[in-house]
Structure formats: C-alpha cells, structure tokens
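> here is my input; please provide its structure:
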Amino acid sequence: MAINAVGSGLDIPSLVSNLVSSARAPTENRINKAGTAVNAKLSAVGQIKSAMTTLQTSLDKLNKNADAPAYKAIVPDNAGFSATMSPTAVAGTYGIRVESLAVAQKTASAGYAKDATPGAGTLTIAWGDGAGIDVEIVAGATLSDIASAVNKAAAGEGVTATVVTSDAGQHLVFAAAETGIDNALTITAAGGDGGLEALTAGLTETVAASDALISVDGLERRSASNTITDLVPGTVLELTAATVGTTHTLQISRDNDALAANVSGFVTAYNAVVKTLRSTSSYDAATNTAAALTGDSLVRTLQQQLRGQIGGEADALKALGITSDKDGLLSFDSVAFTAHVADDPGAVSALFGKDGSYSSQLSKTLHDNLDSISGSLVLRTQGLDKQISEYEKQLDDLDLRMAKLTDLYTAQFTAMEVMVIQMQSSMSALNGLLAPSTPGS
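Residues are numbered from 1 along each chain as shown. As a prediction, the model looks like this:
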C-alpha cells in the first residue's frame with residue numbers, strides 16, 4: 001500500500017489570521033465600546049460648553065447695556081442737524097435753532113498764464129493758535145509746484161492748496177483745513193525776487209471764515225466746528241443746514257427697544273442651554289436608550305443651579321416680562337418689559353447689571369464652569385481627552401501583542417508543516433522499499 005507525501009495541506013496565513021482575530025476581538029471590542037462612550041460624552045460636554053459660552057456672551061452684553069442704557073433721538077426732517085447719543089445722555093426735550101454753519105476760509109490769487117512761474121522765496125502760512133508752516137519755493141516753480149510744496153509741508157494740517165483755472169487764468173487757491181474764524185489763514189511771503197510777495201499781496205478771500213451759531217432753548221452758542229459735543233449732555237450735534245428763525249424740537253429718550261432686544265437675545269441663549277442639558281442627559285423609556293450624560297452629576301448640578309437662580313428672582317423677572325415654564329424654559333413679553341421699564345428705569349440694571357441680583361449669580365455659575373483653568377466643563381473635557389488617549393494607547397499595545405502572537409503562531413505552524421513534510425518524505429522512502437519487485441527487474 002503506497003503513502004503520499006503532500007504536507008498538511010493547511011492555509012497557514014489564513015489560519016493564523018483567524019486565530020489572532022479571535023484572540024483580538026474581545027479586548028478590541030471592549031476598548032472600542034468604552035472609547036465610543038467617552039467620545040459621546042466628550043461631544044455632549046462640548047455642546048454644553050458651546051451653549052453656555054453663547055449664554056455668557058449674551059449676558060455680558062446685557063450687563064453692559066443694562067448699566068449704561070442706550071438713548072435715542074427723534075429729530076424732525078429738515079431740522080438742520082442730526083444727533084448721536086451716548087450712554088451719558090439725559091432724557092429730555094430741547095428746542096434747537098441753527099442760525100448759521102461754520103465755514104472754512106478760502107483765498108485765491110490773481111489769474112496767471114498757464115505754467116507761469118510767479119517767483120521764488122519763503123511762503124509763510126499761519127492758522128489757529130500759533131500753528132503754521134514755512135515753505136521754500138524755488139525759482140521756476142509753477143503754481144502747481146507751489147501747491148504741491150504747500151500740501152507736502154502741511155501734511156493735511158491747517159491748509160490745502162489747489163490750482164483752479166478760470167477765464168482769468170490759473171489761480172492758486174488756499175483753503176483752511178478747519179472751519180471757523182479762529183482757523184482762518186494768514187499768508188505772507190519773503191525773500192526771492194519779489195514775485196512771491198506779489199502773489200500773496202494779490203490774494204482775494206473768496207469764502208469768508210465763519211463760526212456756527214446755534215440756539216438751544218433760547219441760549220446761543222458759537223462754535224468753530226459744525227460738530228458740537230458739549231452743548232446737550234451726552235449728545236453730539238452735527239449741524240447740516242441753517243434754519244434761520246425756525247426752532248426744531250430734539251427729543252431724547254431711553255432706547256428701550258434696544259434693551260428689550262438684548263433681553264430677548266439672552267432668553268434665547270438661556271433656553272438653548274436648558275435644552276442642551278436636557279437632550280444630553282435624557283432617557284428614552286420607550287427604547288430603553290440613555291443619552292451620553294444620563295445621570296451625570298455635573299449636568300444635574302447645572303440644572304439645579306439654573307432653576308434655583310430663576311426661582312429666587314421669579315417676581316423681579318416676571319415684572320420685566322420674563323417667566324419660566326415647567327421645563328425651565330423662559331419666555332419674554334416685550335410689551336410688559338417696556339411698560340415696566342418706563343415706570344422703573346433702574347429695574348433692568350438692578351437685575352441684569354454687572355452687579356445685578358440675578359446676573360451676578362449666573363455670571364459666577366458660568367465662570368465656575370467655563371474658566372479656562374479651573375472651569376468644571378474644562379476639567380471634564382480634559383479628563384475625557386485623557387481617557388481617549390489611554391484607550392488609544394491600549395489599542396496600540398493590543399496591536400503589538402497581536403503582532404507577537406501572529407509571529408508565534410506562524411512559527412509554530414511553520415515548524416509543524418516542516419515536521420509533517422519530513423515525516424511524509426520518510427514515509428515516501430519507506431513506501432519505495434516496501435513496494436513489490438517487478439518481474440524481470
């Protein structure tokens with residue numbers, strides 16, 4: 001009977017791969033499951049951080065506007081002025097009449113032929129309270145050259161120079177950079193061949209400098225500028241046209257619409273936090289499915305703090321049109337808000353100002369959770385990141401162990417295969433010896 005030498009017939013690479021996969025699976029599945037749970041928690045904490053950061057920004061804005069309320073101005077059409085308010089404004093009504101605008105002076109030289117060269121020398125231009133420039137004009141300088149030299153020396157201060165062409169020829173025009181009588185120009189020349197002195201002597205005032213004249217409730221005020229900052233408290237008046245003999249009413253009042261918008265934005269941001277806390281910690285009884293942070297103590301603490309702070313100021317908040325439902329969500333009635341603020345202008349600051357009874361509590365809660373060094377949410381994020389890094393290290397270690405196990409199995413099965421082949425070779429030789437002899441051989 002013959003014995004065939006064909007080896008074991010095993011697919012060693014596939015066999016080793018299957019054995020290693022079986023050995024890897026329990027540990028790998030455990031690590032991946034734990035890592036997935038931690039990643040879900042990290043995502044949930046990130047959502048809470050984002051919502052609370054938005055709330056913090058909204059609260060900061062509300063703090064600022066509650067302590068420094070905005071004002072608005074009502075100005076009639078064609079009143080000859082506009083008004084810009086600051087937080088220091090005072091509500092009231094003012095009768096304003098713009099008698100005249102401040103005007104900047106302009107002077108022009110006599111007409112010269114095109115590209116004429118008036119002469120050389122030193123051009124001295126003075127304005128305001130002792131300010132001025134000296135400009136050296138070289139021989140052969142045209143009017144355009146003189147204008148360029150003046151503008152370069154002045155650098156936008158006090159005076160500008162241009163060349164204007166009329167039927168009488170080219171004119172060198174000097175314009176005061178600022179309005180008002182005190183900013184009028186004094187222009188003289190000295191030295192050279194006398195031509196520059198002749199130019200300045202022939203200057204004609206084409207636009208006279210003048211001050212603005214404005215009346216507020218019958219009290220007159222002159223100003224070198226058309227922008228008046230210290231006449232009506234906390235109000236910048238920009239004069240645009242004279243309304244001689246006609247008085248227009250400027251009405252200044254609290255801009256409660258802007259403040260109401262701040263409160264509305266705060267309520268929206270607050271509700272986003274409440275909803276995020278609920279969605280990241282909920283439990284679906286129908287499907288027996290828990291959210292990433294179900295039962296988490298940090299979430300419960302935040303929910304309790306937010307409810308407690310709202311409950312402690314419920315009456316004051318309700319007076320401002322803010323109420324809470326059974327789920328802790330806020331609603332805002334802007335009509336009730338406006339009515340209450342009209343009766344009690346300080347109510348918003350008392351509640352939502354930087355040191356407000358409610359905002360100071362909420363601000364501390366936000367700081368305790370969001371501080372970049374000691375914030376609870378920040379520390380939780382760092383802890384979860386550390387866990388993820390540890391799981392990643394465990395997977396790396398598992399890869400190393402499985403690589404060694406692969407080498408071990410491969411070596412063992414290879415040795416077995418060699419042994420089988422050797423045994424089959426020996427059997428093949430024995431088979432030859434045992435084979436019956438052929439007649440005649």
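> so which elements touch the host helix or strand of Val274?
Using DSSP states H and E, Val274 sits in helix 256-279. Secondary-structure packing of helix 256-279 (3 or more Cβ pairs under 8 Å, 6 or more residues apart in numbering; DSSP states H and E): helix 12-67, helix 297-312, strand 330-332, helix 334-343, helix 347-352. Using the backbone N, CA and C atoms, a C-beta is placed for each residue, glycine as well.
> what is the orientation angle of that helix with helix 334-343?
Here helix 256-279 runs at an angle of 130 degrees relative to helix 334-343 (axes from the mean of the first three to the mean of the last three Cα atoms, to 10 degrees).
> strand partners of the next helix-or-strand element following helix 256-279, parallel vs antiparallel please.
Next helix or strand after helix 256-279 toward the C-terminus (DSSP H and E): strand 283-284. Applying DSSP bridges, strand 283-284 is found paired with strand 289-290 (antiparallel).
> tell me how far the closest residue to Gly180 other than its chain neighbours lies from Ser86.
Of all residues not flanking Gly180 in the chain, Ala224 sits nearest, at 2.5 Å (Cβ to Cβ, 6 or more residues apart in numbering). Ala224 sits 22 Å away from Ser86, going by Cβ to Cβ, to the nearest Å.
> look at these two and report which has more neighbours.
Counted by other Cβ atoms under 10 Å, Ala224 and Ser86 do not tie: Ala224 has more neighbours, with 18 against 13.
> check contacts around the more buried one.
For Ala224, the contacting residues are Ala102, Glu178, Thr179, Gly180, Ile181, Asp182, Asn183, Asp211, Ala212, by Cβ atoms under 8 Å, 6 or more residues apart in numbering.
> any of these buried? List them.
Ala102, Glu178, Thr179, Gly180, Asn183, Asp211, Ala212 (16 or more other Cβ atoms under 10 Å).
> and the direction of the helix holding Val274 versus that of helix 12-67, what angle?
Going by the same axes, to 10 degrees, helix 256-279 makes 150 degrees with helix 12-67.
> list the buried residues for helix 256-279?
256, 259-260, 262-267, 269-274, 276-277.
> over to stretch 31-45?
In stretch 31-45, counting by 16+ other Cβ under 10 Å, buried: Ile31, Gly35, Val38, Lys41, Leu42, Ala44, Val45.
> contacts only, for the fifth one.
It refers to Leu42. Leu42 touches Thr381, Leu384, Asp385, Ile388, counting by Cβ under 8 Å, 6+ apart.
> let me see the domain layout of this protein.
Under the assignment automatic domain parsing, the domains of the chain span 1-70+255-430, 71-101+212-254, 106-207.
> what is the longest helix of the protein by residue count?
Ranked by number of residues, the top helix in the chain under DSSP state H is helix 376-434.
> what packs against it?
helix 12-67, helix 297-312, helix 359-370.
> cutoff 7 Å now
Applying 3 or more Cβ pairs under 7 Å, 6 or more residues apart in numbering; DSSP states H and E, we find helix 376-434 packed against helix 12-67, helix 359-370.
> tell me which residues of whatever helix or strand comes next after the first one come out buried.
When you say that, I think you mean helix 12-67. Toward the C-terminal end, the helix or strand that comes next after helix 12-67 (DSSP H and E) is strand 71-74. In terms of neighbour count (16+ other Cβ under 10 Å), strand 71-74 has its buried residues at Tyr71, Lys72, Ala73.
> for the domains of the chain, give me JSON lines that also has mean pLDDT.
Below are the domains of the chain laid out as JSON lines (pLDDT from 0 to 100):
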{"stretch": "domain 1-70+255-430", "mean pLDDT": "91"}
{"stretch": "domain 71-101+212-254", "mean pLDDT": "93"}
{"stretch": "domain 106-207", "mean pLDDT": "95"}
